[in-house]
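Colleague: sequence-free structure coming up:
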C-alpha cells in the first residue's frame, strides 16, 4: 500500500467491528487485496498512533510519519507474518520498533522543549484541573531525554517488562531500570514535586 493511500485514511478512526478475523483479513491482504489491508489499518491505527505519539514526545507530525512508516513496513513484510501472534500485536511491535529506531537515530540531538502547539488538545470540560494536570504531564514527558522517555513510556504506559525494553533498546536490564528511575525523577522535578 502506498503512503498516499495510508495518509488519506484518518489516524483517529473508530475501531471497526471485526466482521472477519484479522487472520482472514491478513490472508486476503497477502493475496493482494488492498481493501483488506486498509481494514487492518483502520482496526489498528489508533493503538499504533497512541504508542508512537507518546514515544515521539507528543510531536503529532512525527507520530503521523512514524505511524505511516510502520504501516508501509507492515505492508512490505506482510507475507512474512507467521500467525504466531495476533496481527495487532505484530503491527504494534513493528511500530514501536520504528519509533525506537527513530529515537536511536536522533539520540545525539539535544532534546527540544515542546511548546503548547505541539501537544494534544485537551478537552476535558468536566474537570479543567485534571485536564491541566494531564497537559502538564504530557509536556514533562515530551521534554524527557529520548531514551528515558522511551523506557518510561514502554514500562509505565505500555506495560512492558524491563527485559523486553532492554532487548528493544539494546541496553542492560539494569540500565532500563536506571533510565526509568531517572525519568520518574525528572518528571517529579518538572512537575514541582520534591524527590
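Modeller: Received it, and whenever you're ready, just let me know what you need. Model, not experiment: these values are computed from the prediction.
Colleague: what's the helix or strand for residue 32?
Modeller: Using DSSP states H and E, residue 32 sits in no helix or strand.
Colleague: Residue numbering should commence at 37 henceforth.
Modeller: Sure, I'll start numbering at 37, so the last one becomes residue 68.
Colleague: Is there a neighbour count for it? I'd like the number.
Modeller: The tally of other residues near residue 68 (other C-beta atoms under 10 Å) stands at 8. From N, CA and C alone the C-beta is placed, and that goes for glycine too.
Colleague: Ramachandran coordinates for it?
Modeller: In terms of degrees, to the nearest 10, the main-chain angles of residue 68 are phi 110, psi 0.
Colleague: Identify each buried residue in the longest helix along the chain, please.
Modeller: In the chain, assigned by DSSP state H, the helix with the most residues is helix 70-91. Within helix 70-91, the residues that count as buried by 16 or more other C-beta atoms under 10 Å are 72-77, 79-82, 84-91.
Colleague: residue boundaries of the helices in this protein?
Modeller: 39-44, 58-66, 70-91, 96-113, 123-142, 164-178, 182-188, 198-205, 209-226.
Colleague: Just name the most buried of those.
Modeller: For the helices of the chain, the largest average neighbour count (mean count of other C-beta atoms under 10 Å) is found in helix 182-188, namely a mean of 23.
Colleague: low-confidence ranges in this protein?
Modeller: 37-56, 143-168, 229-231 (pLDDT under 70).
Colleague: what residues go with each domain of it?
Modeller: 37-142, 153-231 (automatic domain parsing).
Colleague: Can you give the distance of the longest one from its chain's centre?
Modeller: Just to be clear, that refers to domain 37-142. 11 Å (C-alpha atoms, centre = their mean, to the nearest Å).
Colleague: Correct me if wrong: residue 99 contacts residue 88.
Modeller: Yes - the pair residue 99 and residue 88 qualifies as a contact (C-beta atoms under 8 Å) at a distance of 4.8 Å.
Colleague: Quick check: nearest residue in space to residue 213, chain neighbours excluded?
Modeller: Counting by C-beta to C-beta, 6 or more residues apart in numbering, residue 213 lies nearest to residue 198, which is 5.6 Å off, once chain neighbours are set aside.
Colleague: Likewise for residue 77?
Modeller: Nearest to residue 77 is residue 107, by C-beta to C-beta, 6+ apart, at 5.6 Å.
Colleague: so that neighbour touches residue 85, yeah?
Modeller: No - using C-beta under 8 Å, residue 107 is not in contact with residue 85; the gap is 10.0 Å.
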